[in-house]
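Student: how does the following fold in three dimensions:
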Amino acid sequence: MLRIQPTTATARRDTPADHSRTHPLGVVAAWLACLIVVVIGVVIAATWNVEGGTFQTREGRDLVAAPRDAANVRVRGNSVEVLNAGNAPVLLNLAIRPFQVSGSGFVMVDTAPLPRGAELALLWVRRTDRGDLHEQILKLEGDRVVPTLLDENPEWRGEIVAVALGVKNASAPVLISEVRLRPMTVRAVLADMVRDWKYFSAWDGRSINVVFGGRDEQRAYLPPLVALAALLVAAACAVTARRRQRRIATVWLIVPFMAGWILLDVRWQRQLLLQLAETREAFAHKTVAERHAAMEHPAFLELVDTALRLLPQTPARVFVTSDFDYFRLRAGYYLYPHNVLAFDWADPGVLHSGDFLLMFAKHDVSFDRADGTLRWSDGRQVAVSALIAGQGQGLYQVR
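Tutor: Numbers count the residues shown, from 1 in each chain. Model prediction:
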């Protein structure tokens with residue numbers, strides 16, 4: 001009997017998909033291993049050719065307050081307490097000798113739980129530009145300061161002749177027990193990346209348009225690394241099937257991407273749960289007025305409330321301006337049903353007699369009390385009557 005052997009091409013087309021020896025958990029495990037390798041590669045790249053940094057440690061009691069801040073600082077045991085830190089930062093000098101840095105290092109600050117709104121920063125002066133004060137905002141996680149890497153700050157270079165810690169915008173005293181400068185290590189970089197990914201980023205005025213995951217500024221964003229690991233595993237599955245001369249099942253190409261999607265979604269769901277807890281704490285069991293007071297800038301809310309009492313009962317034309325979109329749009333929300341123009345208009349020529357102008361946090365417009373005019377930085381001016389007058393803010397009616 002004549003037997004006809006199938007050609008290689010025919011045999012290859014008739015070969016079933018190669019899924020008998022592959023398990024979904026195996027693909028997921030391969031993807032996870034690949035993700036770990038990618039992350040380690042990023043960490044090694046970040047620490048490659050990094051020279052040794054400096055070791056500096058100062059207890060809180062050793063920090064020296066600037067002369068103008070001495071009344072706001074007191075020593076408590078081995079710690080130092082900053083009593084009143086407003087918009088102007090309270091400066092605490094580390095009183096260390098000049099030292100050489102090469103871009104590496106990170107700063108750690110040990111404190112008691114920080115009050116709401118507190119901001120801390122490391123400040124330094126270099127020998128080559130003694131007239132300039134450089135700054136690195138310290139990272140916070142909840143009410144704690146977490147290690148902040150300095151290698152990405154282009155000004156952390158050369159010989160440092162003075163270092164200080166700045167504290168501002170604290171609603172209550174801040175207790176500082178120790179400040180440490182340390183060289184950058186692989187472990188520090190890896191911990192910093194993971195900390196950035198886990199960081200809870202509360203909703204703000206941008207959240208309606210942008211989905212955030214972790215800190216705004218990160219050494220390496222997690223989604224691209226997840227996608228790269230999934231792509232590498234899918235490519236490895238395809239190459240392996242081709243070498244075995246078998247067709248690859250589509251599911252093995254999809255599994256690594258689904259695993260990455262689930263990982264990113266789990267992180268996002270964690271963000272939502274943390275946001276739910278914060279929202280409940282801020283707004284639960286409060287009246288509408290109390291909720292507005294909790295969410296808005298106090299000076300802004302006071303200005304809008306006063307403006308509403310001064311505006312006529314019948315709807316009037318109100319122009320709103322600010323350097324910040326959020327304040328303009330929120331003012332428009334509160335002022336309705338008045339005829340409010342809340343987007344950023346720039347030409348004061350559109351103002352007519354009888355119109356109202358509300359502005360908040362506006363740096364390029366000033367009110368001249370002597371002749372009753374609003375003056376723009378480019379020289380344009382409008383005659384007005386001041387109903388509420390202030391620096392960069394107020395309610396005015398065009399004459």
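
Student: going forward, measure contacts between C-alpha atoms and count neighbours the same way
Tutor: Fine.

Student: can you mark which positions in stretch 368-378 are buried?
Tutor: Gly372, Thr373, Leu374, Arg375, Trp376 (16 or more other CA atoms under 10 Å).

Student: which of the residues you listed fall in helices?
Tutor: When these are checked against helices (DSSP state H), there are no matches.

Student: between these, which sits nearest Glu290?
Tutor: Nearest to Glu290 among the buried residues of stretch 368-378 is Leu374, at 33.6 Å by CA to CA.

Student: tell me the contacts of that closest one?
Tutor: Contacts of Leu374 were listed using CA atoms under 8 Å, 6 or more residues apart in numbering, and they are Val365, Ser366, Phe367, Asp368, Gln381, Val382, Ala383, Val384.

Student: bridging residues for it?
Tutor: Phe367, Val382 (DSSP bridges).

Student: please apply the same query to Glu59.
Tutor: On the basis of DSSP bridges, Glu59 is bridged to Glu178.

Student: what's the burial count for it?
Tutor: 17 (other CA atoms under 10 Å).

Student: that one and Ala170, how far apart?
Tutor: Here the criterion is CA to CA, to the nearest Å. By it, Glu59 lies 21 Å from Ala170.

Student: can you check Val107 too?
Tutor: 20 Å.

Student: which stretches of the stretch 101-250 of the chain form helices?
Tutor: Applying DSSP state H, counting those that start in this stretch to the stretch 101-250 of the chain gives helices spanning 186-198, 222-243, 250-283.

Student: can you put these in a markdown table and add mean pLDDT, mean neighbour count and distance to Gly349?
Tutor: Converted to a markdown table, the helices of the stretch 101-250 of the chain look like this (pLDDT from 0 to 100; neighbours: other CA atoms under 10 Å; distance: least, CA to CA, whole Å):
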| stretch | mean pLDDT | mean neighbour count | distance to Gly349 |
| --- | --- | --- | --- |
| helix 186-198 | 81 | 17 | 47 |
| helix 222-243 | 88 | 17 | 48 |
| helix 250-283 | 87 | 15 | 42 |
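
Student: I'd like to know which of the contacts of Leu374 are buried.
Tutor: Neighbour counting with 16+ other CA under 10 Å marks Val365, Ser366, Phe367, Gln381, Val382, Ala383, Val384 as buried within these.

Student: hang on, Met359 in a helix?
Tutor: No: Met359 is assigned strand when assessed by DSSP: H, G, I helix; E, B strand; the rest coil, not a helix.

Student: contacting residues around it?
Tutor: So Met359 contacts Val320, Thr321, Ser322, Gly392, Gln393, Gly394, Leu395 (CA under 8 Å, 6+ apart).

Student: in the sheet, who's paired with the third one?
Tutor: The one in question is Ser322. Phe360.

Student: that one and Leu387, how far apart?
Tutor: Using CA to CA, Ser322 is found at 18 Å from Leu387.

Student: so which of these two has more stuff around it?
Tutor: Ser322 (24 against 16).

Student: distance of that one relative to His363?
Tutor: 8 Å.

Student: dig out what the closest residue in space to Leu133 that isn't next to it in sequence forms beta bridges with.
Tutor: Using CA to CA, 6 or more residues apart in numbering and skipping residues adjacent in sequence, the residue nearest Leu133 is Val125, 5.3 Å away. Val125 has these beta-bridge partners by DSSP bridges: Ala162.

Student: got a list of what Val125 touches?
Tutor: Gly131, Asp132, Leu133, His134, Ile160, Val161, Ala162, Val163.

Student: thinking the fourth one is in contact with Leu150, fair?
Tutor: No: with contact defined as CA atoms under 8 Å, His134 does not reach Leu150; the gap is 11.7 Å.

Student: of the two, which one has the most company?
Tutor: Ranked by neighbour count (other CA under 10 Å), His134 and Leu150 place Leu150 first, with 23 against 17.

Student: so what's the closest residue in space to the more buried one that isn't next to it in sequence scoring on pLDDT?
Tutor: Spatial nearest neighbour of Leu150, excluding adjacent residues (CA to CA, 6+ apart): Phe106 at 5.1 Å. The per-residue pLDDT reported for Phe106 equals 81.
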